[in-house]
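Visitor: predicted model and sequence below, questions to follow.
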Amino acid sequence: MKRLLSFVLAAIMVVCALASCSTLEKDDRGAVITMYLADEIYDFDPALAYTDAAAAKVFSLIYEGLTRLDEKGNWEKAMMDSYKELEPTSEEDGYRIQINLRENKWSDGRAVQASDFVYAWKRILEPTMACDAASLLYDIKNAREIKMGDATVDDLGVYAVETYVLEIEFASKEVDLDAFFRNCASVALVPLRGDKVASSEKWSKRASSMETNGPFAVRGITVGEELRLERSSYYYRDTESNQALDKYVIPYRIIVNFGYGDKEKQLEHYEAGDIFYMGELPLSARADYEKEATIQDAPVTHTYFFNTENKLFEKPEVRQALSMAIDRQALAELVVYADAATGLIPSTVFDANGKGKFRDEGGALIESSANLSQAQSLLKQAGVTKGTFSITVRDAEVDLAIAEYVADVWEELGFTVKVEKLSPEKEPSTEANQSDTYKDLFQEAYAAGDFDVIAIDYQMLSSDAFSALAPFAAEFSGNGVDMESPDYDVIPHITGYNSEDYSALIEEAYAAGSDSDTKTEKLHEAETMLMEDMPVMPLLFFKDAYVYNDKVLSGMKDTYWGRDFKRMKMRNYMEYKESMEAAESGEE
């Protein structure tokens, strides 16, 4: 009898293992969960995901890099399975490592290969490709030279030596490998399918032309109505075995709903039980939901970029005066889920030496309260006491509220200020069987430098301060070189800021390599100088706040850039499904 019982138990364990203990029943594919995740985005190119906090929340669900960051900003393995140091083959060799990848697949079932990382990294290093994240790769041999037009992408020290093996040669024998792996978690450095990028210049705007390697795939984009994300059937899953569909990703589909209207109407539907998660709350309700909401510091500084080539803003005294006039504490109270910015770098970023948070060590470089009299004095000293200009913003409630407040203050100083809201513009398709796409007019204005002052969600590309401070140095801006100029002139930061002294500090921080104390010291000096020159004006350190129906949902996990929904469950899902089916069929 005992032998029979043991056999039965063993059989049950084998069946459970083969089915990977699926939560699905019969032919059910899993829960369909409706939510309001964040404001709409119109382009899913990960190389452009650093001016909008909403993009990071979506991209962290659909893409996966070599590493990822946990909620505290520490790196952990993602597509990287293991790595090892390699012996140099000559005295000229830099430090070399070999990375073994986990076997994963794109959302169409093709294997994610080492060559997909090579392609994506070479792409953002092209001299003609503007991408702030380029300097994240400058530790790699020839990366900087490629961006400056002094080498070709074929010279990059990154090689796909086997299908799932990536080899990296660094520019120096002294490299801070921990910082490099933190950088590798940036969504800008995820792998890309070269065939998809080459297929159409609108590849990142259509679900039909986009393949991703994260837990969810984009299966539908209807602007103004919904974004449909579905569980990738291939995410680390052996499709040839009997592994459960929900082994690694539980929910089948996430519907990000935009069709209910503005956030206040979205909240009404949340309260009515039509949607189960609100990742953005309307300003009018934020104070009421402070106790109910889950709130954490976000790696985002809401920042105004000045066009320093505009005559009004060419003097640092003018930019300083405009900054001094703002009561950041009042702005924080307006937004509710935010703190007054005291520098550019928020509290989510580490010192390079790992001894503390960058903001704690750097202290307050900007006053939270306003000083109108000193602002007026500086303007008089600079000889600029009036002028007309605009603040360019996304069509987003928080951005508009901040801009209207700032415009009122600056008009008190004697300026005439217009808030210019840029909404997306429809691009009717001229291709057969292809959906329409939308131009992100805000992103286009930013990329072209077509603004006086522009409101940016300055997204931290990494939990390392270098990634946020380096782009203000010309050779680290990510804008490459002007290939049409006789001397291949370096293109500085989009603000036009180009300080030799600031660039020298970034050079010293970069040259410090694994000397983290020196790197930390130089980065603090650089931030101090940047706040004195003020080509960018930090306003608020944003907080990430969300509410969800805990009677319906469970299993969510916080990450550095947002939520991890892989293990999200709908409680009593089958009962809910049956009740919905009954309601749809008119049964009571």
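Guide: Sure thing, it's come through.
Visitor: just the element for the closest residue to residue 294 other than its chain neighbours, please.
Guide: Nearest residue to residue 294, sequence neighbours excluded (CB to CB, 6 or more residues apart in numbering): residue 546, at 5.6 Å. Glycine gets a C-beta too; all of them are placed from N, C-alpha and C. Counting by DSSP states H and E, the element that carries residue 546 is strand 536-548.
Visitor: rounded mean pLDDT for that strand, please.
Guide: For strand 536-548, the mean pLDDT works out to 97.
Visitor: what's it packed up against?
Guide: Strand 536-548 sits against strand 277-278, strand 294-306, helix 316-324, helix 328-335, strand 338-340, helix 397-412, strand 453-459, with contacts defined as 3 or more CB pairs under 8 Å, 6 or more residues apart in numbering; DSSP states H and E.
Visitor: try 6 Å
Guide: Here strand 536-548 touches strand 294-306, strand 338-340, going by 3 or more CB pairs under 6 Å, 6 or more residues apart in numbering; DSSP states H and E.
Visitor: which one of these lies closest to residue 79?
Guide: Across the helices and strands packed on strand 536-548, residue 79 has its closest neighbour in strand 294-306 (21.1 Å, CB to CB).
Visitor: partners of that closest one in the sheet?
Guide: Here strand 294-306 is paired, per DSSP bridges, with strand 453-459 (antiparallel), strand 536-548 (antiparallel).
Visitor: out of these, which is the most enclosed?
Guide: strand 453-459 (a mean of 25; mean count of other CB atoms under 10 Å).
Visitor: C-terminal to the worst-scoring helix or strand of the chain on mean pLDDT, what's the next element?
Guide: One helix or strand of the chain scores below all others by mean pLDDT, DSSP states H and E: helix 2-18, with a mean of 37. The first helix or strand that comes after helix 2-18 along the chain, using DSSP H and E, is strand 32-35.
Visitor: let me know the average pLDDT across that next one.
Guide: With pLDDT averaged residue by residue, strand 32-35 scores 95.
Visitor: for stretch 294-303, same thing?
Guide: Taken as a whole, stretch 294-303 carries a mean pLDDT of 96.
Visitor: which of the residues in it are buried?
Guide: Neighbour counts over stretch 294-303 (16 or more other CB atoms under 10 Å) mark 295, 297-303 as buried.
Visitor: can I assume residue 377 sits in a helix?
Guide: Yes - read with DSSP: H, G, I helix; E, B strand; the rest coil, residue 377 is one of the residues of a helix.
Visitor: quick one: which of the buried residues of stretch 294-303 is nearest residue 349?
Guide: Closest to residue 349, out of all of the buried residues of stretch 294-303 and judged by CB to CB, is residue 299, at 7.0 Å.
Visitor: surely the closest one meets residue 348?
Guide: Yes - Residue 299 lies in contact with residue 348 (CB atoms under 6 Å); the separation is 4.3 Å.
Visitor: mind checking how far residue 193 is from residue 493?
Guide: Distance, residue 193 to residue 493, using CB to CB, to the nearest Å: 30 Å.
Visitor: show me where pLDDT drops low in the stretch 101-250 of the chain?
Guide: Low-confidence segments of the stretch 101-250 of the chain, defined by pLDDT under 70, are absent.
Visitor: helices of that one, start to end?
Guide: 114-125, 143-147, 177-183, 194-199 (DSSP state H, counting those that start in this stretch).
Visitor: secondary structure class of residue 393, three-state.
Guide: strand.
Visitor: in contact with it, which residues?
Guide: 399-400, 403, 421, 455 (CB atoms under 6 Å, 6 or more residues apart in numbering).
Visitor: beta partners of it?
Guide: Under the criterion used (DSSP bridges), residue 393 bridges to residue 421.
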